[in-house]
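Student: Here's a sequence, model it:
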Amino acid sequence: MRMVMMNGGLGNQAFQYIFLRYLEKKTYLPHVIDDLAFQTEKQQHNGYELEKIFHIQHTRLSDLLDADIIQEIRRLMACKDGQANDLVSIFRSCGLEMLPVEEGNCYRSVFPTYKGKIYSFPGNAFSPEITQLHGNFYYYGYWINAHWFWEIRDTILQEFQFPELPDPQNLSLYQAMKSDCSVAVHIRRGDFISYGWLLNPQFYVEAVRQMRTQIQNPIFYIFSDDIPYVRSHMEEYGFLPQDQYVFVEGNGEGKNYIDMQLMSACRGMIIANSSFSYLAALLNRRENKLVYNPTKREVL
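Tutor: The predicted model follows:
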């Protein structure tokens, strides 16, 4: 059995799924989604979203196990008695041999009691040699890199189909964003403040300036998890009084995907160091799109 860990919000889930589909396409072997992170009373973010939003039907670990077994696995993983409490070790104790394949050193850092071999690959990198491994594996990481996507782009674009917009306000925004003067600006704050991941506002200052030179009369559509802060710091992010801009609000509580859908309609995109807007840029099908990416890892 080969299994890919999935957790986090929509952006992380999508990149983990893209990685899984890449593995399936290149190895011709089925892979299972480990969705146990979502089988709890307190849901992570908005829970498992790939099926809800994109109607993706793929084998999940929770489909293969009875509820009492899932509960016991979660109990074992929560134990702090010094024993190995990771999923690979738990499966091994039941007779299913597999090895972890980690991105960076994330598996060992999350499960320091794990004893055994681990295959490690660089974080946020494209490592096609990963498909040359033979055996049963548990893939643990986020795999946020555009090359996994580009290798199977047609498959992912076919599978990642946004639903129809549910209300007139978002539909009106979407129609307006299809113009050649639209620029999506994603400013991520929230938990990035405590993690120390906030982007330097100078990135936005330069990106906004560049958009003015490349797009005639741009209209900036501003997306953020902290609109009040951004609204009161527009000058800090490089916006001028004469700029045209629209704050996109109201798509919280399970409707966050609509922001991704709207972003992906814009000609210009100034994305954050976030898997959410990174994915929106990849799903943007416009041939003349302009993307400013703070990581500068790949061309989007």
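Student: Which helix or strand in this protein has the lowest average pLDDT?
Tutor: Sorting the helices and strands of the chain by mean pLDDT, DSSP states H and E puts helix 67-78 at the bottom, at a mean of 87.
Student: so what does that one touch, helix or strand wise?
Tutor: helix 87-93 (3 or more C-beta pairs under 8 Å, 6 or more residues apart in numbering; DSSP states H and E). To be clear about C-beta, it is placed using only N, CA and C from the backbone, and glycine gets the same treatment.
Student: Check which helices and strands whatever helix or strand comes next after the helix it packs on sits against.
Tutor: Per DSSP states H and E, the first helix or strand lying C-terminal to helix 87-93 is strand 99-103. Contacts defined by 3+ C-beta pairs under 8 Å, 6+ apart place strand 99-103 against strand 119-121, strand 137-140.
Student: follow-up on the earlier one: and the least confident helix or strand of the chain, C-alpha only, in CSV?
Tutor: Only the C-alpha atoms of helix 67-78 are listed here, as CSV (Å, rounded to 0.1, in the frame of the first residue of the first chain):
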residue,chain,number,x,y,z
ALA,A,67,-14.9,3.8,13.0
ASP,A,68,-13.6,1.9,16.1
ILE,A,69,-10.3,1.2,14.4
ILE,A,70,-9.9,4.8,13.4
GLN,A,71,-10.6,5.8,17.0
GLU,A,72,-8.0,3.4,18.3
ILE,A,73,-5.4,4.6,15.8
ARG,A,74,-6.0,8.2,16.9
ARG,A,75,-5.7,7.1,20.6
LEU,A,76,-2.4,5.5,19.9
MET,A,77,-1.1,8.5,17.9
ALA,A,78,-2.1,10.7,20.9
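Student: hmm, back to that, kindly reformat the helices and strands packed on strand 99-103 as TSV and extend each row with distance to Phe276 and mean pLDDT.
Tutor: Shown next, in TSV, are the helices and strands packed on strand 99-103 (distance: least, C-beta to C-beta, whole Å; pLDDT from 0 to 100):
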stretch	distance to Phe276	mean pLDDT
strand 119-121	23	97
strand 137-140	21	97
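Student: So which of those strands is nearest Ile156?
Tutor: strand 137-140 (17.4 Å; C-beta to C-beta).
Student: after that closest one, next one along is what?
Tutor: helix 146-151.
Student: tell me the mean pLDDT for that following helix?
Tutor: For helix 146-151, mean pLDDT is 96.
Student: now for the following helix or strand past that helix, which elements pack on it?
Tutor: Using DSSP H and E, the helix or strand that follows helix 146-151 towards the C-terminus is helix 153-159. Packed against helix 153-159, as judged by 3+ C-beta pairs under 8 Å, 6+ apart, are the following elements: helix 10-27.
Student: sorry, back to before: going by neighbour count, which residues of the least confident helix or strand of the chain are buried?
Tutor: Neighbour counts using 16 or more other C-beta atoms under 10 Å place Ile70, Ile73, Leu76 of helix 67-78 among the buried residues.
Student: Surely Met269 forms part of a strand?
Tutor: Yes: under DSSP: H, G, I helix; E, B strand; the rest coil, Met269 sits within a strand.
Student: beta partners of it?
Tutor: Bridge pairing for Met269 (DSSP bridges) gives the partners Ala184, Val291.
Student: what about it, distance to His233?
Tutor: Here the criterion is C-beta to C-beta, to the nearest Å. By it, Met269 lies 20 Å from His233.
Student: more neighbours, those two?
Tutor: Between Met269 and His233, counting by other C-beta atoms under 10 Å, Met269 is the more crowded of the two (28 against 13).
Student: Surely the more buried one is in contact with Pro294?
Tutor: No: using C-beta atoms under 8 Å, Met269 is not in contact with Pro294; the gap is 11.6 Å.
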